[in-house]
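1. Sequence unavailable; structure follows:
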């Protein structure tokens, strides 16, 4: 005989999961739309992945394309294409490695640094607006939730 007290809990869990999925999708869509409403055309020249790639390069000493690709989580051919696009925009440079001529190392140009600085400033301003929109009494809970979500995403 099935446990009839368990079935409503499963239905409630399913309903909560559906609500979580809707809320997650709405949050991601809102974040994407907020990016498209940015007032700075310069920072919009970068895709999110290109910005991650450039930020990764900033923290490394003469990284190879393969090293950057691995850190960003894209294939080497994808990283090469992104770097070529950024090179055409004057934001990155490529050259043969002095240590290993089979390898190509990359660097950010002054223009790339300028665009990243604008992007970081815009992002920080948006983060401040979002933070200020949260009631002060809820901020600790929101921070805990964001940390829990990050750990959960890392584990998936």
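-> Arrived safely. Small disclaimer: the values here were computed from a predicted structure and weren't measured.
2. tell me the domain ranges of the protein?
-> As assigned by automatic domain parsing, the chain contains the domains 7-37, 41-156.
3. For the chain, give me the ranges with low pLDDT.
-> Low-confidence segments of the chain (pLDDT under 70): 1-6, 35-44.
4. Tell me which stretches of it form strands.
-> When assigned using DSSP state E, the strands of the chain occupy the ranges 92-96, 104-108.
5. I'd like these written out as a markdown table, with distance to residue 46 and mean neighbour count added.
-> For every residue, glycine as well, the C-beta is placed using N, CA and C. Below are the strands of the chain laid out as a markdown table (distance: least, Cβ to Cβ, whole Å; neighbours: other Cβ atoms under 10 Å):
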| stretch | distance to residue 46 | mean neighbour count |
| --- | --- | --- |
| strand 92-96 | 11 | 14 |
| strand 104-108 | 12 | 19 |
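6. okay, these in CSV with distance to residue 123 next?
-> CSV is the format used below for the strands of the chain (distance: least, Cβ to Cβ, whole Å):
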stretch, distance to residue 123
strand 92-96, 20
strand 104-108, 17
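7. So which of those is nearest residue 68?
-> For those, the distance to residue 68 is smallest for strand 104-108, at 6.3 Å, taking Cβ to Cβ.
8. packing partners for that closest one?
-> Helices and strands touching strand 104-108, by 3 or more Cβ pairs under 8 Å, 6 or more residues apart in numbering; DSSP states H and E, are helix 48-58, helix 65-72, strand 92-96.
9. Determine which stretch of the domains of the chain is the most buried.
-> For the domains of the chain, the largest average neighbour count (mean count of other Cβ atoms under 10 Å) is found in domain 41-156, namely a mean of 14.
10. who's the residue nearest to residue 86 when sequence neighbours are not counted bridged to?
-> Spatial nearest neighbour of residue 86, chain neighbours left out: residue 92 (4.1 Å); criterion: Cβ to Cβ, 6 or more residues apart in numbering. Beta-bridge partners recorded for residue 92 (DSSP bridges): residue 108.
11. Having no further points to raise, I will conclude here.
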